[in-house]
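Engineer: Here you go, sequence then predicted model.
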Amino acid sequence: MTAPYVSIVVPVYNEEKSLQPLIDRLYPVAEALGRPFEIIFTNDGSRDRSLEMLQEYVQRYPGVKVVEFNGNFGQHMAILAAFERSTGEIVITLDADLQNPPEEIPRMIAAIESGHDVVGTIREKRQDTLFRRVASRIVNITTNKMTGMQMSDYGCMLRAYHRNIINNINQCSESTTFIPALAQTFSSNPTEIMVGHAERTLGESKYSFYRLIRLNFDLMTGFSVVPLQLFALLGIITSFLSVGFALFLFIRRFMIGAEVEGVFTLFAILFFFIGIIIFGIGIVGEYVGRIYQEVRKRPRFVVRKTYGFNEP
Ligand code: UDP
Ligand code: MG
């Protein structure tokens, strides 16, 4: 067995409908590369037939390997587990649902070979709901502003990385993360290419509204403390303003007399500030929760078994 030159990493969570169409399109692309390759699927605790299908692929398709998780640890952990076991000089990540065309892989490899260490992708004519597109837009802009990074599409998981980047990622042990942003922090020469995007026709999205929010908090808090700083700044401005306001009421009291009619205005202002305070406590909570997770140092994921790896 020759060492793989390209490792293709695919996280799988309840994807029984898309796996066969995926491998039908992905495998010929990999073979056509003309270089040794491996395809590593991580089964992220699927409750459907995904695992059985993957086990069968290990027998049927040379180069296919499977990491089996003990439960559902999330897309990013699934990718990290595969990264740890990958050996290719170039590592590609790809979703299992065929929203991103595997046919783009040769172009991405060419970009790495031309000297880039991270190749991101921008989804041309993105086929998702308006809500998700608008939300992504906001996330992309604010993340770039807050982290000082430059990436147009954080959400698109069709990406290529040079081995150097993967080695750096493998040294990180954070238990909540967002891989494209993590890679970006290690990259010295990233690039982005336009790729096609298809609607999800097989199975359904694994991200509910709630999970999307959790994921975006991972992205925001994992790569920046700007939310905390902004909040501190807001606190300072608020206290200055309220001193001014108190002064105004104090002077008014002597000039016109005590104000009673304005009580509700005062309430409105009060509620506004209470809202900000609760929001701020929430943000602090997000960070504290993550610190707690890191301090506990629990394993980030548990691998039950692997298939197709020829290690002892
Ligand atoms: N996925 C995973 N674990 C999860 C959620 C998703 O491994 O907990 C995988 C999923 O099988 C797919 C990829 O991550 O291969 C992206 O998920 P999905 O297509 O549902 O996300 P969306 O395209 O809606 O953002
Ligand atoms: Mg998808």
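Structural biologist: Nice, thanks for sending it over. Residues are numbered from 1 along each chain as shown. Ligands and ions are numbered 1, 2, ... in the order given.
Engineer: could you list every residue that touches residue 266?
Structural biologist: Under the criterion of CB atoms under 8 Å, 6 or more residues apart in numbering, residue 266 has no contact partners. Yep, even glycine has a C-beta here, placed from its N, CA and C like the rest.
Engineer: how near is it to residue 148?
Structural biologist: Using CB to CB, to the nearest Å, one obtains 40 Å as the distance from residue 266 to residue 148.
Engineer: do the same with residue 74
Structural biologist: For residue 74, the distance to residue 148 under the criterion CB to CB works out to 26 Å.
Engineer: neighbour-wise, which of these two wins?
Structural biologist: Neighbour count, other CB atoms under 10 Å: between residue 74 and residue 148, residue 74 has more, with 22 against 11.
Engineer: Give me the neighbour count for residue 93.
Structural biologist: Here the count is done by other CB under 10 Å, and residue 93 has 25 residues near it.
Engineer: ok, it - contacts?
Structural biologist: Counting by CB under 8 Å, 6+ apart, residue 93 makes contact with 9, 10, 79, 157, 158, 159, 160, 161, 179.
Engineer: and residue 174, how far is that from residue 60?
Structural biologist: In this structure, residue 174 and residue 60 are 36 Å apart, going by CB to CB.
Engineer: Those two: which has the busier surroundings?
Structural biologist: Neighbours of residue 174 and residue 60, each counted by other CB under 10 Å, are more numerous for residue 174; the result is 14 against 10.
Engineer: got the CA coordinates for stretch 172-187 in PDB?
Structural biologist: What follows is stretch 172-187, C-alpha atoms only, in PDB (Å, rounded to 0.1, in the frame of the first residue of the first chain):
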ATOM      1  CA  CYS A 172      -5.400  22.000  19.200                       C
ATOM      2  CA  SER A 173      -7.400  20.400  21.900                       C
ATOM      3  CA  GLU A 174     -10.400  22.800  22.200                       C
ATOM      4  CA  SER A 175     -13.700  21.000  22.600                       C
ATOM      5  CA  THR A 176     -15.800  23.500  20.800                       C
ATOM      6  CA  THR A 177     -14.500  24.800  17.500                       C
ATOM      7  CA  PHE A 178     -15.200  25.800  13.900                       C
ATOM      8  CA  ILE A 179     -12.800  24.200  11.500                       C
ATOM      9  CA  PRO A 180     -12.700  26.800   8.700                       C
ATOM     10  CA  ALA A 181     -12.000  29.600  11.100                       C
ATOM     11  CA  LEU A 182      -9.400  27.500  13.000                       C
ATOM     12  CA  ALA A 183      -7.600  26.700   9.700                       C
ATOM     13  CA  GLN A 184      -7.700  30.300   8.800                       C
ATOM     14  CA  THR A 185      -5.700  31.300  11.900                       C
ATOM     15  CA  PHE A 186      -2.900  29.000  10.900                       C
ATOM     16  CA  SER A 187      -2.900  29.800   7.200                       C
END
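Engineer: Which members of the contacts of residue 93 are positioned in strands?
Structural biologist: Applying DSSP state E to those, the entries found in strands are 9, 10, 159, 160, 161.
Engineer: Among these, which one is most surrounded by other residues?
Structural biologist: Ranked by neighbour count (other CB under 10 Å), these have residue 161 at the top, with 32 neighbours.
Engineer: contacting residues for that residue?
Structural biologist: Residue 161 makes contact with 90, 91, 92, 93, 112, 117, 118, 119, 169, 183, according to CB under 8 Å, 6+ apart.
Engineer: Make a PyMOL selection of whichever of those residues turn out to be buried.
Structural biologist: Below is the selection syntax for PyMOL that covers the buried ones among the contacts of residue 161, with 16 or more other CB atoms under 10 Å defining burial:
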select buried, resi 90+91+92+93+112+117+118+119+169+183
